[in-house]
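Student: Fold the following and give me the result.
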Amino acid sequence: MGRVACCEKVGLKKGPWTPDEDKKLLDYVRNYGHGNWRSVPAKAGLQRCGKSCRLRWINYLKPDIKRGNFSAEEDHTIIQLHALLGNKWSIIAAHLPQRTDNEIKNYWNTNIKKRLIRMGLDPITHKKIENNTFEPFGGCHEYPKDNINICHVAQWEGARLEAEARGSKLQVGSGSSQLSGLILRKIPTQPCLSSHSVSTKNNTAYNIF
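Tutor: Model (predicted):
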């Protein structure tokens, strides 16, 4: 008979955290550090499992968590790493200081994934969806629904191909292990000449080396 998961033990509380519970966890970690998360609930006076405490701290209470809108640079980083790693959010989060894996996952599903689809790109393979029709306009092509420029589709396609090529040279661990040898370096992008161009914040993209 297998060991019962800590969150399934009788008497442990589930569901939303209360302000009082947050304060207890904050006070304990600030004073003593978290150490082994399994031992934190009893020491902090919480009727929660260690996993629940760890996730609450990492995703909500940690002081250096970055909130608010994602920058263009963060978008590029997420897209390129996702092209290489897929849904390994904890590894992707390691390359975005102060962002949590949960926040990145939610941002991907609610924003970037939909944006890629509107641009005619498969969010899983990062390749162009062949049955989408792009029509020419002013030397560039645009996806009719959103007037999104094909120049930006090309940027995403280039990011995917670069990640794919580099991926064969990298060994990626599983779970929450770090991605060894991955360096992100800025390169300037060429702005599209179309009057309907959608430019990034500072015309910057990223390559994986």
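Student: Checking residue 78 next. Helix, strand or coil?
Tutor: Of the three states, residue 78 takes helix under DSSP: H, G, I helix; E, B strand; the rest coil.
Student: Tell me, how many residues neighbour it?
Tutor: Using other CB atoms under 10 Å, residue 78 has 23 neighbouring residues. For the C-beta atoms, the positions are set from N, CA and C on the backbone; glycine is no exception.
Student: Likewise for residue 53?
Tutor: By other CB under 10 Å, neighbour count at residue 53 equals 26.
Student: tell me the domain ranges of this protein?
Tutor: 1-63, 72-208 (automatic domain parsing).
Student: between those, which gets the lowest average pLDDT?
Tutor: Mean pLDDT per stretch puts domain 72-208 lowest among the domains of the chain, at a mean of 65.
Student: What segments of this structure are helices?
Tutor: 19-32, 40-44, 50-56, 72-85, 89-93, 101-107, 113-118, 150-167 (DSSP state H).
Student: Return the alpha-carbon coordinates of the fifth one using PDB.
Tutor: Below are the C-alpha coordinates for helix 89-93, written out as PDB (Å, rounded to 0.1, in the frame of the first residue of the first chain):
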ATOM      1  CA  TRP A  89       6.900  26.000 -16.900                       C
ATOM      2  CA  SER A  90       9.300  25.700 -14.000                       C
ATOM      3  CA  ILE A  91      12.300  25.600 -16.300                       C
ATOM      4  CA  ILE A  92      11.000  28.500 -18.300                       C
ATOM      5  CA  ALA A  93      10.400  30.500 -15.100                       C
END
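Student: Are there helices or strands packed against that helix, and which ones?
Tutor: helix 72-85, helix 101-107 (3 or more CB pairs under 8 Å, 6 or more residues apart in numbering; DSSP states H and E).
Student: May I have the phi/psi pair for the residue nearest to residue 98 when sequence neighbours are not counted?
Tutor: Once flanking residues are discounted, residue 98 sits nearest to residue 66: 3.5 Å by CB to CB, 6 or more residues apart in numbering. The phi and psi values for residue 66, taken as degrees, to the nearest 10, are phi -90, psi 130.
Student: got the contact list for residue 66?
Tutor: 97-99 (CB atoms under 8 Å, 6 or more residues apart in numbering).
Student: Could you identify which of the helices and strands packed on helix 89-93 is most buried?
Tutor: helix 72-85 (a mean of 21; mean count of other CB atoms under 10 Å).
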